[in-house]
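Asks: Have a look at this prediction, sequence included:
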Number of protein chains: 6
Amino acid sequence: MTAEEKEKFLGKITDKAETLIEALPYIRDFNNKIVVVKYGGSAMTDKSLEESVIKDVVLLKLVGMKPVIVHGGGKEISRWIGKVGKEPEFIDGFRVTDDETMEIAEMVLNRVNKNLVQMIERLGVKAVGISGKDAGMMHAEKKMPNGNDIGYVGDITTVNPGLVSALLDNDYIPVIAPIAMGAHGATYNINADDAASAVAVALGAEKLAFLTDVEGVYKDPDDEESLISVLTLKQAEELIEDGTISGGMLPKILNCTDAVKKGVGRVHILDGRRDHCLLLEFFTKKGVGTAIIDGSKRLYYNEK
Amino acid sequence: MTAEEKEKFLGKITDKAETLIEALPYIRDFNNKIVVVKYGGSAMTDKSLEESVIKDVVLLKLVGMKPVIVHGGGKEISRWIGKVGKEPEFIDGFRVTDDETMEIAEMVLNRVNKNLVQMIERLGVKAVGISGKDAGMMHAEKKMPNGNDIGYVGDITTVNPGLVSALLDNDYIPVIAPIAMGAHGATYNINADDAASAVAVALGAEKLAFLTDVEGVYKDPDDEESLISVLTLKQAEELIEDGTISGGMLPKILNCTDAVKKGVGRVHILDGRRDHCLLLEFFTKKGVGTAIIDGSKRLYYNEK
Amino acid sequence: MTAEEKEKFLGKITDKAETLIEALPYIRDFNNKIVVVKYGGSAMTDKSLEESVIKDVVLLKLVGMKPVIVHGGGKEISRWIGKVGKEPEFIDGFRVTDDETMEIAEMVLNRVNKNLVQMIERLGVKAVGISGKDAGMMHAEKKMPNGNDIGYVGDITTVNPGLVSALLDNDYIPVIAPIAMGAHGATYNINADDAASAVAVALGAEKLAFLTDVEGVYKDPDDEESLISVLTLKQAEELIEDGTISGGMLPKILNCTDAVKKGVGRVHILDGRRDHCLLLEFFTKKGVGTAIIDGSKRLYYNEK
Amino acid sequence: MTAEEKEKFLGKITDKAETLIEALPYIRDFNNKIVVVKYGGSAMTDKSLEESVIKDVVLLKLVGMKPVIVHGGGKEISRWIGKVGKEPEFIDGFRVTDDETMEIAEMVLNRVNKNLVQMIERLGVKAVGISGKDAGMMHAEKKMPNGNDIGYVGDITTVNPGLVSALLDNDYIPVIAPIAMGAHGATYNINADDAASAVAVALGAEKLAFLTDVEGVYKDPDDEESLISVLTLKQAEELIEDGTISGGMLPKILNCTDAVKKGVGRVHILDGRRDHCLLLEFFTKKGVGTAIIDGSKRLYYNEK
Amino acid sequence: MTAEEKEKFLGKITDKAETLIEALPYIRDFNNKIVVVKYGGSAMTDKSLEESVIKDVVLLKLVGMKPVIVHGGGKEISRWIGKVGKEPEFIDGFRVTDDETMEIAEMVLNRVNKNLVQMIERLGVKAVGISGKDAGMMHAEKKMPNGNDIGYVGDITTVNPGLVSALLDNDYIPVIAPIAMGAHGATYNINADDAASAVAVALGAEKLAFLTDVEGVYKDPDDEESLISVLTLKQAEELIEDGTISGGMLPKILNCTDAVKKGVGRVHILDGRRDHCLLLEFFTKKGVGTAIIDGSKRLYYNEK
Amino acid sequence: MTAEEKEKFLGKITDKAETLIEALPYIRDFNNKIVVVKYGGSAMTDKSLEESVIKDVVLLKLVGMKPVIVHGGGKEISRWIGKVGKEPEFIDGFRVTDDETMEIAEMVLNRVNKNLVQMIERLGVKAVGISGKDAGMMHAEKKMPNGNDIGYVGDITTVNPGLVSALLDNDYIPVIAPIAMGAHGATYNINADDAASAVAVALGAEKLAFLTDVEGVYKDPDDEESLISVLTLKQAEELIEDGTISGGMLPKILNCTDAVKKGVGRVHILDGRRDHCLLLEFFTKKGVGTAIIDGSKRLYYNEK
């Protein structure tokens, strides 16, 4: 080793030590804590990103956290609807979901669900795939946007987290398809973001992480260095009032602040396109996305 | 009430008392015992029979037993294969299962699975639907009948009953779709009878009941009064040797005796077309089908 | 089998299934519930009825209930008093109980007690015979009817159910003789109905059943078809007010409503002369006697 | 205080300290240990001795031991037999026990039993009186001395200590009447010494103490200072061989050595006429009676 | 034995029985109770008294109590200060404790601590020596008598009894050196009486015993027969008011009444120069010192 | 951010993710595992290194490991011996330890011990300082090098790990001074390396780490790049045979292989002069020192 190589080597060693010293206290703090990960978007369609996400979730489990995955159906539902020769129909941006569409959606979501389970199993950790029907976990009623009947699209009415808790207690990673039971034996399709939020609230989760296609919230949307690392409820309100948060980001943030108000410890908006964004957000001081918190509650020892 | 009415009423009362006195000791004996029910055939395609079976399973649960359902896919798989315009192909009586067929079979079986869960839930009991992928419960390898590759049809290699036990311990009725994990991320379709047997053995079940389209085993196939109520392993061997058991019944009985030899308490062949056949077989002295037992082990107090 | 025989057979099978479907939910509901049975009257003097009652109690235990027997002394006390040449003496209908009478009563009741224990043991279930002296279970003070001192006849002052609970927890059937401790080492004879009530209340029993020599309460005492199956506290008050309940039945019913008010789930008045009246009352919808309940509390799933 | 009084006072204080230093290690050693006390003879007929024995048993319980009392019937059985005008009849020294005699014996023993319970209760400790019928605790068969049928006198065949253990675990003092169940519903009278031995062996008791009318075993029966404090099995054999132990003492000692061989820690022969003989034997180095031990097993820290 | 010897022997036996009858109820009452013993003064410098105290503490442990020792440093600290050639310096009666003095005091106290541990171990009981630094058990701030800075002498601010409780739960005798942690890594010397009081209060001890060089509190200081056996809080106040308690005894008694007010069951002032004073005070009715109690709380069964 | 800065930033982020992915599986594997750290040498005399070591130990605890510290006395013992004017005396390289030297050594070691405890406490984790005397944890006999009596220097005879286990179970970090009890109340000074080994073996520790003044074992002592990362027992034997391991390193390595043979999972030789050597050795694949393992046992998932 030349002197330069040696110096570089020592620098790397020092960096490693620093990363560990930074990460270890979080690992203690997050031990046995529940984290709900909403998995969808680009991270679901790119095979390599999918592997990165699943590996992160498995590592979270390995260090003692209790991850729960809530997933969407990606582009598979549309593919199968096409396959049986149906024309998709939309009202107000919502897919009209008739009997046959619901049947296909349920079949596809359950298969996506079992495939995620299988991927996790292959990394040596046990997972169990369920939908909102299992143990009557999620009940819903018909959504009526602007008074229109768009079929079997539902709004969650109750979540009974007993089964998910039992699976966590038995050391399984629950993987949840966003399907709910309705009255009279009906089946409803649920928006996956809503399902993730509702499950996190019902479990009293420590964390809820949305894997999205944006990096987080910016102070100045045109300046990528203005990413906000931590956002308190109060700050969020101000940014909404002054118009910084608007457009498509607005409902997303409202969903987040709502979950925090209902008891979720912190909600993270992460860029699912970045490799290992879950690890970097959870185990480094600055993180890589935006965390929404209740500023009036005490932070962890050295949490960002 | 006339004297005749009164007598009839008292007779009915006495009958009820007798039925109870007959049934109560079984209820004690079967408390906390696991019973695996293979559900398929006619009982699956007739809506009223389906309700009778599900109600029986719920009642078994209510009186303290631990039922587990293993189901087939009925005619739904064929229906959906037709829907996407595929021609079914058979070799040696086995459906050739290519990638797309397997994909459809998995989707359909998972949906049937969740529908059974939903039916049970509506009767006020909690159920959880899983496949062999969940918690890596069932692993399989490719079946090669006469050396032919018929695609994703598998033979079970291992059953890990941990998840099923955990669900039972948490008071859920597990409902199992006959799908297994293979090497390299493959998915295999499994014969439902085989899956039920393997699960019953792995759980050390007290009972394994096959709902079939026959009443049981007959001494004289032409005499319906010659139904055999209890068949020991030794008697079964004799009936096979003298040709009484043959044809399609032979592999079925071999499957049953195999399960008994591997530790299942008793295996019942029942006629799924008879209403409440499970209750009548389990809680009356004579029963209504054929029970295969190991004659060398002690019977319950007043078991047939 | 002729067609007629076959039909009859199928009818019987269907009846059995119905009886089971009717009974099974109760068995779940009553699992681990305490039922106190006051055993006396005709059911105690007829050997065959005695066997029917003991068999019912054993079956209740077998299906998971927790029966407790409180018994009287039948005609044995008088027989022994005669044997030692004493003349029985009564004041206001109460037996005057001097030292020697009390000594005989205690001896006789304890022997009756152990004989019931022995009968239960012979049916394969474990029983333990105690009196109110054991573990200081029942304390009493002198009863003074109309101010008359009639000796060692007592009114219960306190019941300490610790021993009975411990016996139930250890899977024994407690059999209780109605004797209590008094001040200064005195021993008191207690009315068995009062003892049964007091024990049921102290245990927070689900059920208290009196085996009597009547069928129950009638709307019209002259019409045996007017037997009241379920009587709420409110209805009982009305029947007392309008004079339907009067005479010897009045104090019995007041005893029952009192127990219900103090927390016993339901009190049953049964005809101990009917075989298996306990099973028929508890496990059929209509029952065979009169149940007194608090109408404002929720019923079981399908309880009469 | 004069100097002399002071000296006497200090001497007394020193004596107390010495007694305590002597006793405390035993209290530790005997904590949670079971001691079976056979109570009968003079200690049972003298009111003041009875109080001394009961007080000792209560104190043993208070310092953490687990006492069990097995009692005889004293002279009460004969008194009641006389009362109903029966002539007692003896064969080979055994009372002939016909149906009626057995009935009286059972009644009397159960009443004596409950009276002991009541005495203990009055000292603030909880006791439960049982006979060998309760929980099928003691089974017996007919004793046939020299082939003579003397009626319902039994030899113990089995002891099931489950109920006694359960009572001890629940902090009760079990008080046992020497009555056993026989075949076909028969009741047998048992010798109280035999019952005490059998119960101690079945419980694996640390101690078995016989309250007798002698001080213990003497080396020289004519020299009261030759009382043997501790006797090993080996020494006992020698004393039997050389004739020192003979006559009425012989069967008693054989009973003791038999219990030690079957696992009882030590068997004490005590003079029930001496006040507080149990305390003095158990908590002083020299004791006041004779202890039979297995000399090959290790002694307690400072046991005699 | 002559008649006189015999009588004397019997008298001694009777005395022993009486001492036991007197002591046993206390042993029950004090089972599992915590007793904090402040050990210092003459009892610490005399080798034979030291052995008597340690033996008593070991016996208290053997009979089920939970003793805790808090000790001083005796004359060892001064000896070592002399050894390194330092001149002791006092202000207002307090030793001025500079850095080096504190270092020596800590070293000496820890060694005395381990020696006591070793003495206990040699009697067959397990002990663990700790100081207030262990598990952050005792925190202190600088004491400023009359505003003077006398160095590292501290007043206790908080006691965290977790470690002591854990040691007691694991059956160890905790031995505590009076050293506490201060702010910024400072170490403070604590008065041993104060430490004992604070520890007893934090543990909710049943007893706190000070081994002193006086016999207790006297009604008339000149009359040694006027020793007060039990002193209620109210009586103590009166004796302080009328001047009976004054001088050096006053702060001692205030310390005691303070501990009682804060929940210690009773505080004993004992003469450490009397052999086995702990046993005699705890296990006899009259005791040998003065016990301070809250007169409004109920006494034990037969406590002085 | 310039493009270069951005690239550097992304590189750093990627490095962090890699470090975490590398470290997390170890954290899982080491959860609840015991690691004994021998602390001495340079790491003890340099204040900044001391802080680095203590911080590492605290972090190990925070992520779920169970660290135990065994320390030496550094230069403090010599300093105090000088202070009281004693001349140190050595035989065969061993310090002659007379009464007074032992007294000083014990005092100093206990004070060093409590100071380490205090440092750990200040980082928010609870520690408890003990010596081999506490709970009789370590017993020793006189060491006689070459037959010379060098006073109170001992060889360990037995280790009773009960107290250390209890402290670990109660979530404390045990800090151990190398002092042992001898016969007849003697106190012995123990070599800290030996004490650490013996404690690790007695606890069945997963890891034993020696903080030394060398980097580890080299294949070629003159080539610092030839450091051996993992050494199996077999390889160690070969290196000893061919003379690669010799001189002062030989007894150290023999000590290590001995511990591995007695069941310690792996023994690490680390350079205590490198900051955070414990974290880097335990949580990176290559580590920074030499690990001695039993090559025939299975490695962790991705352990070096």
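Replies: Thanks, I have the structure now.
Asks: Show me where the stretch 1-150 of chain A has its strands.
Replies: Under the criterion DSSP state E, counting those that start in this stretch, the stretch 1-150 of chain A contains strands at A:34-39, A:66-71, A:90-91, A:94-95, A:127-131, A:138-142.
Asks: can you list the residues that contact the fourth one?
Replies: Strand A:94-95 is contacted from outside by A:Pro88, A:Glu89, A:Thr101, A:Lys143, A:Pro145, A:Ile150, A:Val153, using C-beta atoms under 8 Å, 6 or more residues apart in numbering or on different chains. From N, CA and C alone the C-beta is placed, and that goes for glycine too.
Asks: List the pairing partners of that strand within its sheet, with orientation.
Replies: Neighbouring strands of strand A:94-95 in its sheet, by DSSP bridges, are strand A:90-91 (antiparallel).
Asks: Identify the residues contacting the partner strand?
Replies: So strand A:90-91 is in contact with A:Val96, A:Pro145, A:Asn148, A:Ile150, going by C-beta under 8 Å, 6+ apart.
Asks: cutoff 7 Å now
Replies: Contacts with strand A:90-91, where a contact means C-beta atoms under 7 Å, 6 or more residues apart in numbering or on different chains, come from A:Val96, A:Asn148, A:Ile150.
Asks: Among the residues you listed, which one has the most neighbours?
Replies: In terms of neighbours by other C-beta atoms under 10 Å in any protein chain shown, the contacts of strand A:90-91 top out with A:Ile150 at 20 neighbours.
Asks: That one touches A:Asp98, doesn't it?
Replies: No. Using C-beta atoms under 7 Å, A:Ile150 is not in contact with A:Asp98, being 9.4 Å away.
Asks: any idea how far the residue in the stretch 1-150 of chain A positioned nearest to chain C is from F:Val260?
Replies: Going by C-beta to the nearest C-beta, chain C is nearest to A:Gly136 of the stretch 1-150 of chain A, at 17.2 Å. Distance of A:Gly136 to F:Val260, computed by C-beta to C-beta, to the nearest Å: 54 Å.
Asks: Tell me who's in contact with the residue of the stretch 1-150 of chain A closest to chain C.
Replies: So A:Gly136 contacts A:Asn160, A:Met181, B:Glu121, B:Lys126 (C-beta under 7 Å, 6+ apart).
Asks: if we go to 10 Å?
Replies: A:Gly136 makes contacts with A:158-160, A:162-163, A:180-181, B:117-118, B:120-122, B:124-128, as judged by C-beta atoms under 10 Å, 6 or more residues apart in numbering or on different chains.
Asks: Emit the ChimeraX select command for whichever of those residues are buried.
Replies: Typed into ChimeraX, the line below selects the buried ones among those, using 16 or more other C-beta atoms under 10 Å in any protein chain shown:
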select /A:159,162,163,180,181 /B:117,118,120,121,125,126,127,128
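Asks: So which of the contacts of A:Gly136 are in helices?
Replies: Among the contacts of A:Gly136, the members found in helices (DSSP state H) are A:Gly162, A:Leu163, B:Val117, B:Gln118, B:Ile120, B:Glu121, B:Arg122.
Asks: Close to chain F: what parts of the stretch 1-150 of chain A are there?
Replies: A:1, A:6, A:10, A:12-29, A:31, A:52, A:55-56, A:58-64, A:124 (C-beta under 10 Å from any C-beta of the partner chain).
Asks: Buried ones among those?
Replies: For those, buried by 16+ other C-beta under 10 Å: A:13, A:16-17, A:19-20, A:22-29, A:31, A:52, A:55-56, A:58-64.
Asks: Low-confidence ranges, chain A, go.
Replies: The model of chain A has pLDDT under 70 over residues A:1, A:298-304.
Asks: Show me what residue of it gets nearest to chain D.
Replies: A:Asp169 (30.8 Å).
Asks: Distance of that residue relative to A:Pro161?
Replies: For A:Asp169, the distance to A:Pro161 equals 12 Å [C-beta to C-beta].
Asks: neighbour count winner among those two?
Replies: Remark: of A:Asp169 and A:Pro161, A:Pro161 carries more neighbours, 22 against 11, as counted by other C-beta under 10 Å.
Asks: That'll do, ta.
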